[in-house]
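# Here is my input; please provide its structure:
(one chain, ligands or ions: 1)
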Amino acid sequence: MRIDILTLFPKMFDGFLSESIIKRAIEKKQVEINIINFRDFSKFNNAQVDDTPYGGGSGMVLMLEPLVDAIEHYKTKDSKVILLSPEGKTYKQSYAYSLKKEKHIILVCGHYEGFDERIHNFVDEVMSIGDYILTGGELPAMVISDSIIRLLDGVIKKDSYMEDSFTTNLLDYPTYTRPREFRGLKVPDVLLNGNHEEIKKWRKEEQLKKTEEKRKDLLQ
Ligand SMILES: C[S@@+](CC[C@H](N)C(=O)[O-])C[C@H]1O[C@@H](n2cnc3c(N)ncnc32)[C@H](O)[C@@H]1O
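Residues are numbered from 1 along each chain as shown. Alright, predicted model coming up:
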């Protein structure tokens with residue numbers, strides 16, 4: 001899979017691309033990520049990409065032309081272009097599963113007051129990562145990319161994500177590690193007896209219990 005991220009702030013991605021699982025996935029060529037500064041597509045001498053809003057009001061609006069030129073430069077017949085915007089569909093794990101099947105994703109990060117409304121004619125989907133406002137689309141682009149990359153073949157073991165929260169309509173089961181007891185808090189006996197059938201049954205029951213307690217909405 002290839003992910004192209006159109007942004008005005010490429011350095012924000014330095015840490016994301018150079019640590020842990022994402023770094024390894026890039027090294028092993030399980031994913032290719034290109035960070036593209038769409039300022040490079042500005043036709044102005046001073047590389048301007050934003051302007052004041054028609055009709056007045058505060059803040060700057062991203063101009064269409066550099067963004068559309070950048071999208072059209074990278075887009076192929078296999079591309080899915082996703083605009084990051086608070087007004088989009090709220091991102092969920094089920095979208096990560098469907099996006100992992102794509103060959104090429106282009107994520108478009110806004111900034112300032114956001115986009116010229118006509119950008120909607122040049123993208124395939126609009127996605128939000130939740131009902132709050134961030135300064136730019138860079139964190140949403142990282143959130144979406146990360147959630148997809150960890151599902152790509154070979155990036156992490158399938159066993160370790162198949163029981164993750166939201167993979168079914170349940171939250172994950174509780175996990176413990178050493179020591180067996182910490183300040184009187186004990187690891188449940190069932191996890192220490194080596195009986196895998198019993199452990200599996202207990203985990204399923206705990207998943208249900210936890211979901212019932214914390215996220216009843218998922219069960220409906
Ligand atoms: C300050 S926001 C613009 C907010 C816009 N004026 C509004 O009220 O919907 C700047 C950019 O950050 C990104 N952004 C902010 N919050 C986001 C969210 N919850 N999900 C996805 N992108 C977001 C978008 O790309 C947006 O264009």
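# Going by the annotation, which residue ranges form each domain of the chain?
2-149, 163-219 (automatic domain parsing).
# Quick check: end-to-end length of the shortest one?
Between the opening and closing residues of domain 163-219 there is a gap of 16 Å (Cα to Cα, to the nearest Å).
# Over to stretch 182-199?
21 Å.
# any idea how far it is from the chain center?
In terms of Cα atoms, centre = their mean, to the nearest Å, the centre of stretch 182-199 is found 34 Å from the chain centre.
# and the longest helix for the protein?
helix 196-214 (DSSP state H).
# would you list every one of the strands in this protein?
Assigned by DSSP state E, the chain shows strands spanning 2-7, 32-37, 50-51, 61-62, 79-90, 104-108, 125-128, 181-182, 185-186.
# who touches the first one?
Outside of strand 2-7, the residues within contact range by Cβ atoms under 8 Å, 6 or more residues apart in numbering are 13, 31-38, 67, 70-71, 74, 103-109, 136-138, 141, 145, 148-149. Any C-beta I mention is one placed from the backbone N, CA and C, and that applies to glycine too.
# which of those residues are buried?
13, 31, 33, 35-38, 67, 70-71, 74, 104-109, 136-138, 141, 145, 148-149 (16 or more other Cβ atoms under 10 Å).
# Please name the residues that touch the closest residue to residue 146 other than its chain neighbours.
Spatial nearest neighbour of residue 146, excluding adjacent residues (Cβ to Cβ, 6 or more residues apart in numbering): residue 22 at 6.5 Å. When contacts are counted by Cβ under 8 Å, 6+ apart, residue 22 touches 16, 31, 33, 145, 146, 149.
# Determine which two of those residues are furthest apart.
Greatest spacing in the contacts of residue 22, by Cβ to Cβ: 16 and 31 (12.1 Å).
# where does this structure have its least confident helix or strand?
helix 158-162 (a mean of 88; mean pLDDT, DSSP states H and E).
# Which positions in that one come out as buried?
By 16+ other Cβ under 10 Å, helix 158-162 has no buried positions at all.
# export it as PDB, just CAs?
Extracted C-alpha coordinates of helix 158-162, given in PDB (Å, rounded to 0.1, in the frame of the first residue of the first chain):
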ATOM      1  CA  LYS A 158      -2.900 -11.200  13.200                       C
ATOM      2  CA  ASP A 159      -3.600 -12.800  16.600                       C
ATOM      3  CA  SER A 160      -2.600  -9.600  18.300                       C
ATOM      4  CA  TYR A 161      -5.200  -7.500  16.500                       C
ATOM      5  CA  MET A 162      -8.100  -9.900  16.000                       C
END
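# Thank you, goodbye.
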